[in-house]
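Asks: Sequence first, then the predicted structure:
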Amino acid sequence: MKSKKNSLSDLGGIMFSTNPDFEFEQELDDTVTAPNQQQDLRVMLDKKNRGGKAVTLITGFKGKADDLEVLGKMLKNKCGVGGSVKDGEILIQGDVREKVMNILQKEGYKAKKAGG
């Protein structure tokens with residue numbers, strides 16, 4: 001997943017070049033996803049800014065955005081609910097913390113409950 005450029009400073013300061021041979025160097029996303037056993041995930045319940053609706057929030061994933069998307073899709077399918085992946089976090093609709101904890105531990109992740 002490509003990162004969105006929000007401001008001019010995100011472009012590296014290059015806006016225009018008069019050199020006809022100039023090529024802008026793209027940064028490669030070379031982050032490596034850590035193995036499941038080395039991931040330290042936090043599972044928490046969140047109700048803030050959601051109109052009183054509860055969501056299960058999974059944070060702490062280290063790796064590529066594509067791998068996070070795959071994990072989020074797998075959790076949503078196994079829990080039978082909706083959700084999304086935003087800003088390096090997985091949002092699962094409803095309070096399904098116990099179910100998510102069991103699934104993550106079966107997949108080999110180190111998962112802990114966080115927050116109240």
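Replies: Happy to help now that I have it. Residues are numbered from 1 along each chain as shown.

Asks: residue ranges of the helices in the protein, please?
Replies: 65-79, 97-106 (DSSP state H).

Asks: export those to a markdown table and tack on mean neighbour count, mean pLDDT and distance to Thr18?
Replies: For every residue, glycine as well, the C-beta is placed using N, CA and C. Supplementary listing: the helices of the chain in a markdown table, determined by neighbours: other C-beta atoms under 10 Å; pLDDT from 0 to 100; distance: least, C-beta to C-beta, whole Å:
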| stretch | mean neighbour count | mean pLDDT | distance to Thr18 |
| --- | --- | --- | --- |
| helix 65-79 | 16 | 93 | 35 |
| helix 97-106 | 16 | 94 | 53 |
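
Asks: Let's have the ones you listed in TSV, adding distance to Val43.
Replies: Compiled in TSV, those are given as follows (distance: least, C-beta to C-beta, whole Å):
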stretch	distance to Val43
helix 65-79	10
helix 97-106	5
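
Asks: Those: which one's closest to Glu89?
Replies: Ranking those by proximity to Glu89 (C-beta to C-beta) places helix 65-79 first, at 8.6 Å.

Asks: Point out the other helices and strands that the closest one packs with.
Replies: With contacts defined as 3 or more C-beta pairs under 8 Å, 6 or more residues apart in numbering; DSSP states H and E, helix 65-79 has these neighbours: strand 83-86, strand 89-93, helix 97-106.

Asks: For Asn102, give its distance to Cys79.
Replies: 10 Å (C-beta to C-beta, to the nearest Å).

Asks: just Lys53 next, same as before
Replies: Distance of Lys53 to Cys79, computed by C-beta to C-beta: 15 Å.

Asks: which stretches of this protein aren't confidently modelled?
Replies: Low-confidence segments of the chain, defined by pLDDT under 70: 1-17, 24-30, 116.
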